[in-house]
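J.: Structure, please.
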Amino acid sequence: MSDNGTESTPVIKKIKKSHGGHHGGAWKVAYADFVTAMMALFIVLWVLSQKPEVIKAVAGYFKDPMGFSEKTKILIEGKANPVPSIKSAEEEAQQHEMEKAELEKVGDKLVHELKTDTDLLGLADQVKIEVVKEGLLIELTDSENDVFFDLGTSELKSNARKLIYKIGAEISKMPNKIIVEGHTDSRQYNNSGTGFTNFELSAERALAAKRALVTGGLKERQIDEVRGYADTRLRNTQNPLSFTNRRISITVKFNKQ
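T.: Prediction:
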């Protein structure tokens with residue numbers, strides 16, 4: 001009641017408690033951008049300090065994250081050697097055709113050079129060059145009038161040596177491996193009980209041709225095999241004693257990837 005005796009209505013005041021105003025969420029966005037930028041900087045610095053194969057693997061991941069294999073992960077972690085990419089059958093076929101065309105070009109060039117070399121005019125027709133399954137086959141065959149070796153010997157004749165020098169100089173420009181083969185006719189070698197046969201003779205002739213190739217410029221590391229077949233692979237089976245069976249074969253092999 002009031003002093004004058006009248007009843008007064010109570011007044012209720014509600015006091016709102018206020019807090020200091022907040023600054024919003026903009027600082028969080030800025031902080032997140034800063035952290036992201038720092039992380040990107042550290043990744044770039046780490047990548048730049050790695051080996052080229054690791055850099056390539058990281059680049060491959062960003063180009064194709066779904067194709068990021070366990071082998072590539074191992075590579076980045078430094079736990080294994082780089083894994084070579086596997087080429088498709090179509091890519092291998094295309095590469096084979098390209099190399100075949102390159103070998104044919106080398107063969108054509110060699111034929112032209114042999115035919116225009118006045119010192120080798122007598123032997124150029126005895127050289128057959130073609131691309132076969134194994135690579136570029138260069139076959140030097142005896143003729144009725146000209147032979148590369150005297151019968152029963154492994155000493156190259158002077159003109160034959162010059163011819164093989166020229167072949168060695170040309171194929172030395174290539175990275176391919178080389179196979180050298182010796183073949184004889186079926187005339188039996190008079191070994192007088194020494195055991196020297198056409199196998200030994202064909203092998204020694206192949207080695208003589210190999211030495212001439214190297215003298216001409218071929219690198220020793222290009223020699224893959226030297227074979228002596230005796231008369232087991234005759235060119236003229238109807239006439240085993242034919243001069244066409246006496247030959248040296250030089251194969252420039254296809255490169256295996």
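
J.: What strand or helix carries V44?
T.: Assigned by DSSP states H and E, V44 belongs to helix 26-48.

J.: who's in contact with that helix?
T.: Contacts to helix 26-48, defined as C-beta atoms under 8 Å, 6 or more residues apart in numbering, come from residues V54, I55, V58. C-beta here means a position set from N, CA and C on the backbone, and glycine is covered the same way.

J.: where does the stretch 1-150 of the chain have low pLDDT?
T.: For the stretch 1-150 of the chain, the stretches with pLDDT under 70 are 1-25, 64-87.

J.: For it, just list every one of the strands.
T.: 127-131, 135-141 (DSSP state E, counting those that start in this stretch).

J.: Make TSV from the ones you listed and add mean neighbour count to it.
T.: Putting those into TSV (neighbours: other C-beta atoms under 10 Å) gives the following:
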stretch	mean neighbour count
strand 127-131	16
strand 135-141	21
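
J.: What is the distance between stretch 26-34 and the centre of its chain?
T.: Relative to its chain's centre, stretch 26-34 lies at 52 Å (C-alpha atoms, centre = their mean, to the nearest Å).

J.: Now do the SS call for L151.
T.: Here L151 is coil, with the state taken from DSSP: H, G, I helix; E, B strand; the rest coil.

J.: which phi and psi does it have?
T.: When quoted as degrees, to the nearest 10, the phi and psi of L151 stand at phi -50, psi 130.

J.: thinking again about what came up before, same list (the strands of the stretch 1-150 of the chain) but as CSV, adding distance to A93.
T.: Shown next, in CSV, are the strands of the stretch 1-150 of the chain (distance: least, C-beta to C-beta, whole Å):
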stretch, distance to A93
strand 127-131, 15
strand 135-141, 16
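
J.: Select, out of those strands, the one closest to R227.
T.: strand 135-141 (13.4 Å; C-beta to C-beta).

J.: Note down every partner strand of that closest one and its orientation.
T.: Paired strands of strand 135-141, with direction, are strand 127-131 (antiparallel), strand 247-253 (antiparallel) (DSSP bridges).

J.: now the ones you listed as CSV including distance to M98?
T.: Shown next, in CSV, are the strands paired with strand 135-141 (distance: least, C-beta to C-beta, whole Å):
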stretch, distance to M98
strand 127-131, 13
strand 247-253, 15
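
J.: Compare those and give me the one nearest I178.
T.: Closest to I178 of the strands paired with strand 135-141, according to C-beta to C-beta: strand 247-253, at 6.1 Å.

J.: Would you map the helices across the stretch 101-250 of the chain?
T.: For the stretch 101-250 of the chain, helices defined by DSSP state H, counting those that start in this stretch occupy the ranges 158-171, 198-216.

J.: between those, which gets the lowest average pLDDT?
T.: When the helices of the stretch 101-250 of the chain are compared by mean pLDDT, helix 158-171 comes last with a mean of 92.

J.: what packs against it?
T.: helix 89-116, strand 135-141, helix 198-216, strand 247-253 (3 or more C-beta pairs under 8 Å, 6 or more residues apart in numbering; DSSP states H and E).

J.: show me what contacts the closest residue to D224 other than its chain neighbours?
T.: Distances taken as C-beta to C-beta, 6 or more residues apart in numbering place K177 nearest to D224, at 3.8 Å, with adjacent residues excluded. By C-beta under 8 Å, 6+ apart, the contact list for K177 reads Q222, I223, D224, V252, K253, N255.

J.: give me the number of residues near the fourth one?
T.: Think V252. V252 is flanked by 24 other residues according to other C-beta atoms under 10 Å.

J.: May I have the beta-bridge partners of it?
T.: Bridge pairing for V252 - DSSP bridges - gives L136, I178.

J.: So it sits against L136, correct?
T.: Yes - with contact defined as C-beta atoms under 8 Å, V252 counts as touching L136 (4.1 Å).
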